[in-house]
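>>> This is a predicted model, with the sequence first.
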Amino acid sequence: MSQQDFNNALHIGGSIETALNGRYRLEPFEIIKEAFSLTFKHFWSFLPAALCLFAVQIGILVLMLTLLLGDPSHLFEGLVGQREMTTDMVSSVWLSNFTSEVLIAPLYAGASLMGLAHAIGFRSKPRHLVKGLAFALPVTVVICLSATLQSVASMIFPLLSLYVAMAFSMAPLLICEKRLTPLKALAVSFRAVNKKVLALATIYAVVGVLFLISFVTAGFALVWALPFLFNVKGVIYREMFGVGVEVTVSQNNDNNATPETSHSSGNDTFDA
């Protein structure tokens, strides 16, 4: 039976132009409400990927602390006052955290793409976490630059590092979805975020509260906070920059049209 394919490109949300001009809407309550709904809807499919990301980061962190301190328990003893907290310990924590953030960058990008997929109505599977590996080098570069700037900012004023993290938060997705270079992605993210900095600060404050609750509950709440974070990022990105989606509809001879899954490698179409 012969078959004809009809491709239709759809664009969902904003664009780089509107983002840079500040012509996009970010209603904190609506963003948070939608992200909660997406987290409920995709919780069980997203949870394994989020836990895998967390486990890999913790594994790298512990490994680095072991290499630098010999025994990570020395750090815990220093934190509870049983041992003197030395500058070597502080430096080891900084280096270990920096290394773990950089090394998990491709997986972080994969989780971000999963959140973006949810925001535009797609489903995700745990194996989609590795989709960020296709952008491993540029994403690792952008995370490295962002983490370095955050460290410098924290030395000037601790809260300033939070602003830097927020300002560059969209850069990994801009690399994966818009195919921007690392420096371009950082610049575009910075300019777009600053157009709605108060709204974004409100949204990320809610995310921060959830992560604080996670610490209070000995990490139990992370099973919700991590998927929620990436769904928040997906919704924000959609509203800021928009996502191009290519839909292929197959039509058989009997004129019964059925949709088929497809995606494009073009700059304006989503292929997560």
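Yep, that arrived. Keep in mind it's a predicted model, so treat the numbers as computed, not measured.
>>> number of nearby residues for Val216?
Using other C-beta atoms under 10 Å, Val216 has 9 neighbouring residues. All C-beta spots, glycine's among them, are computed from the backbone N, C-alpha and C.
>>> Okay, strands next: where are they in the stretch 101-250 of the chain?
Counting by DSSP state E, counting those that start in this stretch, the stretch 101-250 of the chain has strands at residues 243-252.
>>> Poorly predicted segments of it, please.
The model of the stretch 101-250 of the chain has pLDDT under 70 over residues 218, 246-250.
>>> can you do 90?
For the stretch 101-250 of the chain, the stretches flagged by pLDDT under 90 are 151, 154-159, 211-223, 244-250.
>>> residue boundaries of the helices in it?
Listed in chain order, the helices of the stretch 101-250 of the chain (DSSP state H, counting those that start in this stretch) span residues 105-119, 136-156, 158-167, 171-178, 182-193, 197-216, 222-241.
>>> between the first one and helix 222-241, how many degrees?
Calculated by axes from the mean of the first three to the mean of the last three C-alpha atoms, to 10 degrees, helix 105-119 forms an angle of 70 degrees with helix 222-241.
>>> Reformat the helices of the stretch 101-250 of the chain as CSV; add distance to Pro72.
Shown next, in CSV, are the helices of the stretch 101-250 of the chain (distance: least, C-beta to C-beta, whole Å):
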stretch, distance to Pro72
helix 105-119, 22
helix 136-156, 21
helix 158-167, 24
helix 171-178, 29
helix 182-193, 32
helix 197-216, 18
helix 222-241, 19
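>>> Out of those, which gets nearest to Leu10?
helix 222-241 (12.4 Å; C-beta to C-beta).
>>> other SSEs contacting the closest one?
If you count contacts as 3 or more C-beta pairs under 8 Å, 6 or more residues apart in numbering; DSSP states H and E, helix 222-241 packs onto helix 16-21, helix 28-41, helix 43-69, helix 105-119, helix 171-178, helix 197-216.
>>> And Val216, how far from Ala55?
21 Å (C-beta to C-beta, to the nearest Å).
>>> if we can go back for a sec, let me know which of the helices of the stretch 101-250 of the chain is the nearest to Ile60.
Closest to Ile60 of these, according to C-beta to C-beta: helix 105-119, at 10.7 Å.
>>> ok now do the residue nearest the centre of the chain, which residues does it touch?
For the chain, Ser112 is the residue whose C-alpha lies nearest the centre (C-alpha atoms, centre = their mean; 3.6 Å). Neighbour list for Ser112: Gly132, Pro172, Leu173, Cys176, Phe230, Lys233, Gly234 [criterion: C-beta atoms under 8 Å, 6 or more residues apart in numbering].
>>> could those residues be laid out in a markdown table, adding neighbour count?
Listed next are those as a markdown table, based on neighbours: other C-beta atoms under 10 Å:
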| residue | neighbour count |
| --- | --- |
| Gly132 | 26 |
| Pro172 | 30 |
| Leu173 | 28 |
| Cys176 | 25 |
| Phe230 | 28 |
| Lys233 | 24 |
| Gly234 | 26 |
